[in-house]
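Novice: give me the fold of what follows.
(2 chains)
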Amino acid sequence: MSASVGALRHHFEDIEQQRGAERLGMWMFLATEILFFGGAFLAYTVYRLMYPKDFAAISGQLNVLIAGINTVLLLTSSLTMTLAIRAAQYGHNGPLRFYLGVSILLGSAFMGFKAYEYAQDYHEGLVPWTSNFGQETLHGDSQPLIKKWEADGVAPQRVRLFMSFYFILTGIHGVHLVVGIGVISYLWVRAYLKTLTPDKYVAVEVTSLYWHLVDAIWLFLMPLLYLAGPHHSLHF
Amino acid sequence: MASHGTHETDIHDDPTAHADNPAMVFAVYVVLLIGAIVTIAISFAHMEGAIYLHMLISTIQVCIVGYYWMHLKRSDALTWLTAGTAFFFMLILFALPLGDYLTRQLGGL
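Specialist: Modelled structure (predicted):
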């Protein structure tokens, strides 16, 4: 099958070399992202090794049900992005817009659940830089969280440290997700305007590479933050 | 004289030559979902050292994502080198500081 390759730039020998260069460029960027998050994960690991009991105790407070739902949302959005590449390669514009649109929706749903979770954390007094930190009495408890922590031998300052890591790590991950949603939205517009022709499918592929990395980071982030301690039930 | 801009040449190009097999894509998705369910289920088992299992499952999941969905399977050596270098330097990033923190209780000089 031959195609008019309007995408080929003058400084590449052929279109496959150009596509290889585009993929390599994205992998170079992903390498920097791996090191960026690696540093943050290292910092978390150091303090988790220093304060395992405190981290496990507060991790048990976090909402595992929402974390699980968010994991499924991200995995499904990675599935649809992979299928979008195939649709772009075959020039199936309708399915391409569908898969890109679903990826956007799933990513947005993730952010929606995250916002709900952050609000829940605030109302439970778990946001470390607020005046109500540890001051709330949760349903079923007889005393505020800070008293409960002290009674269990958990240091409030270490809880504050864990929650700082939680908000910074999930916050930075969320920012990356928002950027990804923006880029996928741009691709959707190009697909809608029918300028995303099959010879330009690599634009979808390199975007999906970024999206898969954001997903991969969550696959590590979720168990580290939410599953550090034992859970007893799933609830909203 | 070098031409500028794009080549509007009719050449042999088959964008579908490297299209993913949908069965493979869905199979990977199912495996990842199973991994996610297992990792959450483990946390309800209250096992000692569960974190190691969690990290093992996460590593396997990320390797599968990288190999199949991120197309490392059919990538060239340079891409493998780039991905491998990132992980190599991340290992150094973890090993050196943890070598300090994990041995502090042994006493210093």
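Novice: helix, strand or coil for A:Gly140?
Specialist: coil (DSSP: H, G, I helix; E, B strand; the rest coil).
Novice: whoops, A:Gly229 was the one
Specialist: The three-state label given to A:Gly229 by three-state DSSP is coil.
Novice: with adjacent residues omitted, what lies nearest to it?
Specialist: A:Ala56 (3.3 Å; C-beta to C-beta, 6 or more residues apart in numbering or on different chains). Yep, even glycine has a C-beta here, placed from its N, CA and C like the rest.
Novice: now the helices for chain A?
Specialist: Per DSSP state H, chain A carries helices over the ranges A:15-50, A:52-59, A:64-90, A:93-123, A:145-151, A:156-192, A:202-226.
Novice: for the first one, buried residues please.
Specialist: Applying a neighbour-count criterion of 16 or more other C-beta atoms under 10 Å in any protein chain shown, one finds A:15, A:18-20, A:22-24, A:26-27, A:30-31, A:33-34, A:37-38, A:40-42, A:44, A:46-48 buried in helix A:15-50.
Novice: contacting chain B as well, which ones from those?
Specialist: Restricting the buried residues of helix A:15-50 to those touching chain B (C-beta under 8 Å from any C-beta of the partner chain) yields A:15, A:20, A:23-24, A:27, A:30-31, A:34, A:38, A:42, A:46.
Novice: excluding chain neighbours, what is closest to B:His18?
Specialist: Nearest to B:His18 is B:Arg74, by C-beta to C-beta, 6+ apart, at 6.3 Å.
Novice: actually A:Val183, not the one I wrote
Specialist: Distances taken as C-beta to C-beta, 6+ apart place A:Thr207 nearest to A:Val183, at 5.3 Å, with adjacent residues excluded.
Novice: can you spell out which helices and strands pack onto the helix or strand hosting B:Leu93?
Specialist: Using DSSP states H and E, B:Leu93 falls within helix B:77-101. If you count contacts as 3 or more C-beta pairs under 8 Å, 6 or more residues apart in numbering or on different chains; DSSP states H and E, helix B:77-101 packs onto helix A:15-50.
Novice: ok, now which ones touch A:Tyr201?
Specialist: Each residue near A:Tyr201 by C-beta atoms under 8 Å, 6 or more residues apart in numbering or on different chains is listed here: A:85, A:88-89, B:15.
Novice: how about a cut-off of 6 Å?
Specialist: A:88-89, B:15 (C-beta atoms under 6 Å, 6 or more residues apart in numbering or on different chains).
Novice: what of B:Tyr101?
Specialist: Contacts of B:Tyr101 (C-beta under 6 Å, 6+ apart): A:Val46.
Novice: ok, it to A:Met50 distance?
Specialist: 7 Å (C-beta to C-beta, to the nearest Å).
Novice: burial count for residue 90?
Specialist: In the absence of a named chain, chain A is used. Counted with other C-beta atoms under 10 Å in any protein chain shown, the neighbours of A:Tyr90 add up to 15.
Novice: please refer instead to chain B.
Specialist: For B:Met90, the count of nearby residues is 18 (other C-beta under 10 Å).
Novice: for it, which non-adjacent residue is closest in space?
Specialist: A:Gly38 (4.1 Å).
Novice: just give the number of residues close to residue 68.
Specialist: Using chain A here. The number of residues packed around A:Gly68, counting by other C-beta under 10 Å, is 17.
Novice: ah, I was thinking of chain B
Specialist: 22.
Novice: so it lies in a strand, does it not?
Specialist: No: assignment of B:Tyr68 by three-state DSSP gives helix, placing it outside any strand.
Novice: returning to what we had before: need the helices of chain A in CSV with mean pLDDT and distance to B:Ile51, can you?
Specialist: As requested, the helices of chain A are exported to CSV (pLDDT from 0 to 100; distance: least, C-beta to C-beta, whole Å):
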stretch, mean pLDDT, distance to B:Ile51
helix A:15-50, 95, 8
helix A:52-59, 90, 9
helix A:64-90, 97, 15
helix A:93-123, 96, 22
helix A:145-151, 87, 21
helix A:156-192, 97, 14
helix A:202-226, 97, 7
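Novice: out of those helices, flag the one nearest B:Phe26.
Specialist: Closest of the helices of chain A to B:Phe26 is helix A:64-90, at 7.4 Å (criterion: C-beta to C-beta).
Novice: what's the closest one packed up against?
Specialist: The contact analysis (3 or more C-beta pairs under 6 Å, 6 or more residues apart in numbering or on different chains; DSSP states H and E) places helix A:64-90 against helix A:93-123, helix A:202-226, helix B:22-44.
Novice: where's it relative to the chain centroid, distance-wise?
Specialist: 11 Å (C-alpha atoms, centre = their mean, to the nearest Å).
Novice: check stretch A:163-177 too.
Specialist: 9 Å.
Novice: how about stretch A:63-75?
Specialist: A distance of 10 Å separates the centroid of the chain from that of stretch A:63-75, by C-alpha atoms, centre = their mean.
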